[in-house]
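S.K.: I need the structure of the sequence given here:
(one chain, ligands or ions: 1)
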Amino acid sequence: MSDKYLELANSGLGKKLFSAMGLPEPVALVRENPDAPHKLMGQVLRGVSHGSALHDVIGECLKETELQLCGSAMVGKGHLIYDASGISSAEESSQLHEFFQQNLKALASNGRVIVIGLKPNAARHSAQGTLQRGLHGFIKSLAKEIGRNGATANLILVDKGGEVSLRAPLRFLLSAGSAFLNAQVLTASRPVSPVEADWERPLVGKMIVVTGAARGIGRAIAEVLTRDGAVIIGVDVPQSEAELNTAMNKIGGLALPLDITSEGAAEVLRDFCLGQGPKLHAIIHNAGITRDKMLSRMSDRQWNMLMQVNLGSVQRINGALLATDLLDDGGKIIGVASISGIAGNVGQTNYAFSKSAIIGMVETLADSCAERGITINAVAPGFIETQMTAAIPFVTRQMGRRLSSLGQGGLPIDVAEVIGFFVSPQASGMNGNIVRVCGQSLLGA
Ligand code: NAD
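M.R.: Residues are numbered from 1 along each chain as shown. Below you'll find the predicted structure:
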C-alpha cells in the first residue's frame, strides 16, 4: 500500500501547500538501487575524540570505500562520523558537543550520523564505561532532531576484540540500505568465523532459507538476498503455493510449500536443505501471523496457533538444523521480532509475547552459536507497508506511519536490507544484536 501523504509532501505542489499550512513534510528516503551492486555515495566528515584507540582502524575502513573523505570541513553536504571512544570524563564529552555543533549544518538530507564508541565492558575503567553509555541517549535524541530531513543517527559499540569487525556495520550504515534504521545500537564483537570481503555481492553461491517468502517482507528478503548473490529456498504454506512459485521463479529460487507448524516440518526442511548439497548459509525465520484480540476475549486457538507459527516452529527448525553441522563455521540465524515485542500493543498480548521470545532466543543462543562459528541476530520491524499493515484501520495506520522520527512507514526492502547486512560473511562479528527497523518509531522508544 502506498503512502499518499508522503507522495504529496514530496510533489512540487504538495511541498508549497504543506509548507504554507505548517504540516509535517517527511522526506522521501533514498534506497539502494535493486538492480545494482552496493555502492557507497557522497562525502564524509570525520571527527575523533582525544585518546581514541580506534582512529586508525576507522581511517582504514573509510579509505577502502569510494566515499569522498573531507579534511576538517566539508564543502557541500554529506555524512558525519564521530569516534567518541576516547571520551572518559564529563569534561571530555564537550568534544562531542563541539564537533556536532560545528558540523551539523553540513549533514545532507538522507545523510547519516554515525557515532562510534566502546561497549562499557571494553572500556579501560568505569568512568570511561559510564561516559560511553551516555552515547545511547545522545544518538537517540539527535535522531529525533534530524529525522525530518530524512537523516538518521546510529551508534556502533566496539566490544573487546571487535575492532576488526567494525568495517561491516560502518559500511552498512553509510549505505542507502540503512535508510530506515534509526537510533539503533549495533555491537561489533570478535568475529566468530573468518571474514570474507566481497562488498558488492557478498552472498554469491550461498544457500539461504527464507520462511514466509511468498509475499510481503519475506518476498523482499528473498529478492534482496538474491541481488546479493544468494540462492534462496523459499518456504510458505501450501495454500500460497502459486504465489510462492511466482516469487521464486522471478529470482531463480527453489520453492518449498510447507506449513512450518505441521508435524515433522522441521525435519522436512532440514532434509530438503541436506538434499541440495552445499552447506546452508542462513535461515531467516520470517513467517509470522497476528491474531489480535483483547486478552479477555482471546480464544485458546488465537493464542496457540500464533505461538506455533511465530515461536514453536522457529525453535523446532533451529533444533533440527543445529542437530546437524549444516550451519557451522559461518552460518547465520535471523529472527524477525517486532517493536510490539519491545513496546507492547493493545490487543497483541499473544503477538508481543511471541516476538519478545524471539528476542530471548537471540539473547540465549548467541554464545553457544558463536562457539560453532554461527551468528544469531534479530530485526524488530516497526510500521512496514505490507498486507499485514494494510489491514489496520485508517486512523491507526496513519498514526503508525507518522509516529516515527522519519515521519513515514518503512518498506519491506528496508527490513530485507538489514537482514542482508547481518547475513553477509563480512558481518561475522555481529552476534546477539537486536535492532529495530522502525525509523525511530516513538512506540516503546
Ligand atoms: P505477511 O502476512 O504479508 O506475510 C507472512 C508470510 O508468512 C505469508 O506469506 C504467510 O503465508 C506466511 N506464513 C504464515 N504462516 C505460515 C506457516 N505456518 N508456514 C509457512 N508460512 C507461513 O506478513 P509481513 O508483514 O510480510 O510480516 C513478515 C514478518 O515480519 C512477520 O514475522 C511479522 O510478524 C513481522 N513484522 C511485520 C511488521 C509489519 O509492519 N508488516 C511489523 C513487525 C513485524
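S.K.: Tell me where the chain has strands.
M.R.: With DSSP state E, the ranges of strands along the chain come out as 43-48, 68-69, 79-83, 112-118, 152-158, 185-188, 207-211, 231-236, 254-257, 280-285, 332-336, 375-381, 434-437.
S.K.: which residues does the residue nearest to Phe272 when sequence neighbours are not counted contact?
M.R.: Of all residues not flanking Phe272 in the chain, Leu256 sits nearest, at 5.6 Å (CB to CB, 6 or more residues apart in numbering). C-beta: built from backbone N, CA, C; applies to glycine. Leu256 makes contact with 233-235, 269, 272 under the criterion CB atoms under 8 Å, 6 or more residues apart in numbering.
S.K.: returning to that earlier point: using JSON lines, please lay out the strands of the chain together with mean pLDDT and distance to the ligand.
M.R.: Listed next are those as JSON lines, based on pLDDT from 0 to 100; distance: least, CB to the nearest ligand atom, whole Å:
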{"stretch": "strand 43-48", "mean pLDDT": "96", "distance to the ligand": "32"}
{"stretch": "strand 68-69", "mean pLDDT": "92", "distance to the ligand": "36"}
{"stretch": "strand 79-83", "mean pLDDT": "97", "distance to the ligand": "28"}
{"stretch": "strand 112-118", "mean pLDDT": "98", "distance to the ligand": "23"}
{"stretch": "strand 152-158", "mean pLDDT": "98", "distance to the ligand": "19"}
{"stretch": "strand 185-188", "mean pLDDT": "98", "distance to the ligand": "19"}
{"stretch": "strand 207-211", "mean pLDDT": "98", "distance to the ligand": "6"}
{"stretch": "strand 231-236", "mean pLDDT": "98", "distance to the ligand": "5"}
{"stretch": "strand 254-257", "mean pLDDT": "98", "distance to the ligand": "9"}
{"stretch": "strand 280-285", "mean pLDDT": "98", "distance to the ligand": "8"}
{"stretch": "strand 332-336", "mean pLDDT": "98", "distance to the ligand": "4"}
{"stretch": "strand 375-381", "mean pLDDT": "98", "distance to the ligand": "4"}
{"stretch": "strand 434-437", "mean pLDDT": "98", "distance to the ligand": "8"}
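S.K.: Can you lay out those as JSON lines showing distance to Cys61?
M.R.: Listed next are those as JSON lines, based on distance: least, CB to CB, whole Å:
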{"stretch": "strand 43-48", "distance to Cys61": "11"}
{"stretch": "strand 68-69", "distance to Cys61": "11"}
{"stretch": "strand 79-83", "distance to Cys61": "10"}
{"stretch": "strand 112-118", "distance to Cys61": "10"}
{"stretch": "strand 152-158", "distance to Cys61": "11"}
{"stretch": "strand 185-188", "distance to Cys61": "11"}
{"stretch": "strand 207-211", "distance to Cys61": "26"}
{"stretch": "strand 231-236", "distance to Cys61": "29"}
{"stretch": "strand 254-257", "distance to Cys61": "36"}
{"stretch": "strand 280-285", "distance to Cys61": "24"}
{"stretch": "strand 332-336", "distance to Cys61": "22"}
{"stretch": "strand 375-381", "distance to Cys61": "20"}
{"stretch": "strand 434-437", "distance to Cys61": "20"}
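S.K.: Quick one, which of the ones you listed gets closest to Gln315.
M.R.: Gln315 sits nearest to strand 280-285 of all the strands of the chain, at 9.5 Å, using CB to CB.
S.K.: Other residues contacting the closest one?
M.R.: 203, 206-211, 218, 221, 225, 230, 273, 314, 317-318, 321, 326-327, 330-336, 358, 419, 423.
S.K.: Leu67 reaches Lys39, doesn't it?
M.R.: No - counting by CB atoms under 8 Å, Leu67 sits too far from Lys39 to count as a contact (9.9 Å).
S.K.: And these two? Which one has more around it.
M.R.: Remark: of Leu67 and Lys39, Leu67 carries more neighbours, 19 against 14, as counted by other CB atoms under 10 Å.
S.K.: Contacts only, for that one.
M.R.: Counted by CB under 8 Å, 6+ apart, Leu67 has contacts 40-44, 79, 174.
S.K.: just Gly134 next, same as before
M.R.: Neighbours of Gly134 in contact, by CB under 8 Å, 6+ apart: Ser93.
S.K.: measure it to the ligand for me?
M.R.: 30 Å (CB to the nearest ligand atom, to the nearest Å).
S.K.: Please apply the same query to Thr130.
M.R.: 34 Å.
S.K.: Give me the contact list for the longest helix along the chain.
M.R.: Ordering each helix of the chain by length in residues (DSSP state H) puts helix 349-371 first. Contact partners of helix 349-371, identified using CB under 8 Å, 6+ apart, comprise 192, 285, 288, 290-292, 295, 298, 302-303, 306-307, 310-311, 314-315, 318, 333, 335-338, 340-342, 344-345, 375-378, 380, 431-434.
S.K.: show me where the stretch 101-250 of the chain has helices.
M.R.: Ranges of helices in the stretch 101-250 of the chain, per DSSP state H, counting those that start in this stretch, are 126-146, 167-174, 216-227, 241-251.
S.K.: how about the ones you listed, which one is nearest Pro278?
M.R.: Nearest to Pro278 among the helices of the stretch 101-250 of the chain is helix 216-227; the distance by CB to CB comes to 15.1 Å.
S.K.: What is the closest one packed up against?
M.R.: strand 207-211, strand 231-236, helix 241-251, strand 280-285, helix 412-423 (3 or more CB pairs under 8 Å, 6 or more residues apart in numbering; DSSP states H and E).
S.K.: tell me the mean pLDDT for the last one?
M.R.: Per-residue pLDDT over helix 412-423 has a mean of 97.
S.K.: Relative to the whole chain's centre, how far out is that helix?
M.R.: 6 Å (CA atoms, centre = their mean, to the nearest Å).
S.K.: elements contacting that helix?
M.R.: By 3+ CB pairs under 8 Å, 6+ apart, helix 412-423 packs against helix 167-174, helix 216-227, strand 280-285, strand 332-336, strand 375-381, strand 434-437.
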